[in-house]
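S.K.: predicted coordinates and the sequence they were generated for:
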Amino acid sequence: MREHKEKSDTIGFPPNFESAYQGEPPWDIGRPQKEYIQLEQAGEIVGSVLDVGCGTGENALYLAAQGHEVWGIDFTPIAIERAQEKAAQRHLTATFSVLNVFELHTLGRTFDTVIDSGLFHVFSDEERLLFVDNLAAVIRRGGTYFMLCGNELAPKLDYSKWKDLMPDVYSNLKDAMPDFDKLKEGDFGPRRVTQAEIRELFQDGWRINYIRQATMEGRMEPGVGYAWLSSISKE
Ligand code: SAH
């Protein structure tokens, strides 16, 4: 497990994305996140879109279906394969590639909008800094980064329930982390990000349009879904 020494509590989650995707991971709900549907309907998603950490592509494919030019990147090959399969099945055009977000600058192009559903909150403090640099390289001036991340109001995860609620996820996590059963409640999970952390990170060269309380849907027990939805434009 990765060690973190940051302000917000956290744990490397999951220990291994490749193994999480062997089952159906808790975040992979098989439909777009409601917050992204609402942003699109409100006209806030403009032009070309890059979905960072796109997973199996539901948000990207939803925006492609609304007529946006969409690229999705993720460093987990199995997730990208699934996204590509879904695009073909649904007759949608979107470009999905295996790429680490810390290499975003190698894309060699910019987008009007970047969306993030559940990526930012897996980064350590050091990774956040690298990520913001990479983000700046792929978003045009005046373009906007939308981020949906877990917040500090979220209840700590109680994975003792996962064995029954999500046996597939449980057994894959247990394979990847033999000590999984010994973890205490809240020892494990995405970071619970504070507004102050977001404001501090994006203070130079960015304009924070809003950070508002939102819901991140998941396959976990009801009530887990406290998130910040941030809209941040590049100056
Ligand atoms: N956006 C998707 C997936 C969220 S889970 C959804 O809403 O369902 C976070 C995703 O980020 C995982 O698919 C994981 O493979 C990916 N990821 C984590 N760290 C990454 C990195 N450094 N580079 C690229 N992708 C990363």
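M.R.: Perfect, I can see it now. Residues are numbered from 1 along each chain as shown.
S.K.: and this protein, which residues reach the ligand?
M.R.: 17, 27-28, 53-55, 59, 74-76, 79, 100-102, 117-119, 122 (Cβ under 6 Å from any ligand atom). Every residue, glycine included, has its C-beta placed from N, CA and C.
S.K.: so for the longest strand along the chain, mean pLDDT?
M.R.: Taking DSSP state E as the assignment, the strand of the chain that covers the most residues is strand 139-150. Computed over strand 139-150, the mean pLDDT rounds to 97.
S.K.: give the partner strands of it in its sheet and their orientations.
M.R.: strand 111-117 (parallel), strand 226-234 (antiparallel) (DSSP bridges).
S.K.: next one: phi and psi at residue 214?
M.R.: When read as degrees, to the nearest 10, the backbone of residue 214 gives phi -150, psi 180.
S.K.: that one bridge partners, please.
M.R.: residue 227.
S.K.: buried subset of the residues of the chain next to the ligand, written for PyMOL?
M.R.: Applied in PyMOL, the following selects the buried portion of the residues of the chain next to the ligand according to 16 or more other Cβ atoms under 10 Å:
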select buried, resi 17+27+28+53+54+55+59+74+76+79+101+117+118+119+122
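S.K.: among the residues of the chain next to the ligand, which ones are in helices?
M.R.: 17, 59, 79 (DSSP state H).
S.K.: tell me which residues touch the last one, please.
M.R.: Applying Cβ atoms under 8 Å, 6 or more residues apart in numbering, one finds that residue 79 lies in contact with 17, 21, 54-57.
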